[in-house]
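[1] sequence and predicted structure, then a few things I'm wondering about:
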Amino acid sequence: MRQFLKRLVGYPEFAPPKAAAAASMEMRGNPIVMNPSRSQRVLQVEYRIGAIERYFAQEGERGKPIAADKRAHLEAELIVKRAELTMLRAGE
Amino acid sequence: MAASTKIPTKMKFYQVTGSPIDFDSDTLKCMAVVAGSGMPDITKTGIRFVSDVVAANAEVTGTGYARQTLSGATVAYDGTGTTIVDFSFSDLTFAQNAAGPTNIRYFVFFKDAGGADTANPVFAICDPDGTLSMVTGDVVVKSPTGGLIQW
């Protein structure tokens, strides 16, 4: 009986990949938090700093230079966000 | 109901069938709409353009209110994994005004194609989990942790 069921449902190692393959094609939205707690704000700011830094670092891969005005905007935002993060971590 | 961000199904369809949005360089904007009879329909028979949204959820009105352009858009590989790409933007502010709207219920993110709303595709609908007012203070929309959209 056990052997019969194994043949019927197949062996796990031969099961086709499911969620893992589909996940990379999924387009997913993250919720916007309007009144974040301090810890949520820290995460938000840390994320945004990282996003800007990664955007700069991956400029070559995109194959087109960042426009000068956008670069200036992002560099200014980085300064502000880093200061904000320092204040948040200090509990201000 | 918790805050959420939904991607219109028609946006997913057109993103891969000839009318894609360039999240890095297109002009992207955010507008605020009223509750209507609920969140705009994001199914395959639902919204595609801004005009589809405002047919059921009117855009808010009030002194000082205007659609906000997203600045500082970033599209990059995610920092915590090796299989994710994410999109974020600088904080955007609907500035406080004593005569501003008090009935902001959803945020609509769209591409401004430069013409009528019938040609401005919507790429995200955000439910902030409550009604917001510009009368009592700035309404600031911050890109969430992980980015507004992930692929």
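    Alright, I've got the coordinates.
[2] confidence score at residue 87?
    All of this refers to chain A. With respect to pLDDT, residue A:87 scores 94.
[3] not what I meant, chain B
    So residue B:87 comes in at 95 (pLDDT).
[4] list the contacts for the spatially closest residue to it that is not a sequence neighbour?
    Distances taken as CB to CB, 6 or more residues apart in numbering or on different chains put residue B:149 closest to residue B:87, at 4.5 Å, once the chain neighbours are dropped. Where C-beta positions appear, they are placed from N, C-alpha and C, glycine not excepted. For residue B:149, the contact set (CB atoms under 8 Å, 6 or more residues apart in numbering or on different chains) comprises A:27-30, B:5, B:7, B:23, B:86-87, B:123-124.
[5] quick one: the helices in chain A?
    A:2-9, A:19-23, A:38-57, A:59-62, A:68-89 (DSSP state H).
[6] weakest of those helices in terms of mean pLDDT?
    Looking at these, the bottom one is helix A:19-23 with a mean of 46.
[7] can you tell me the closest non-neighbouring residue to the closest residue to chain A within chain B?
    With CB to the nearest CB, the shortest gap between chain B and chain A falls at residue B:5, namely 3.0 Å. Of all residues not flanking residue B:5 in the chain, residue A:29 sits nearest, at 3.0 Å (CB to CB, 6+ apart).
[8] ok, residue B:35 next?
    Going by CB to CB, 6+ apart, residue B:35 has residue B:105 as its nearest residue, at 4.0 Å.
[9] tell me how far that neighbour lies from residue A:80.
    Going from residue B:105 to residue A:80 by CB to CB, to the nearest Å gives 30 Å.
[10] re earlier: got the phi and psi for the residue nearest to residue B:87?
    When read as degrees, to the nearest 10, the backbone of residue B:149 gives phi -130, psi 140.
[11] same question, residue B:59
    The phi/psi pair for residue B:59 (degrees, to the nearest 10) is phi -70, psi 140.
[12] tell me who's in contact with it.
    Residues counted as contacts of residue B:59 (CB under 8 Å, 6+ apart) are B:31-34.
[13] among the residues you listed, which ones are in strands?
    B:31-33 (DSSP state E).
[14] list the contacts of residue 29.
    No chain was given, so I picked chain A. Contacts of residue A:29 by CB under 8 Å, 6+ apart are B:4-7, B:124, B:126, B:148-150.
[15] hm, I was asking about chain B
    B:67-70, B:109-112.
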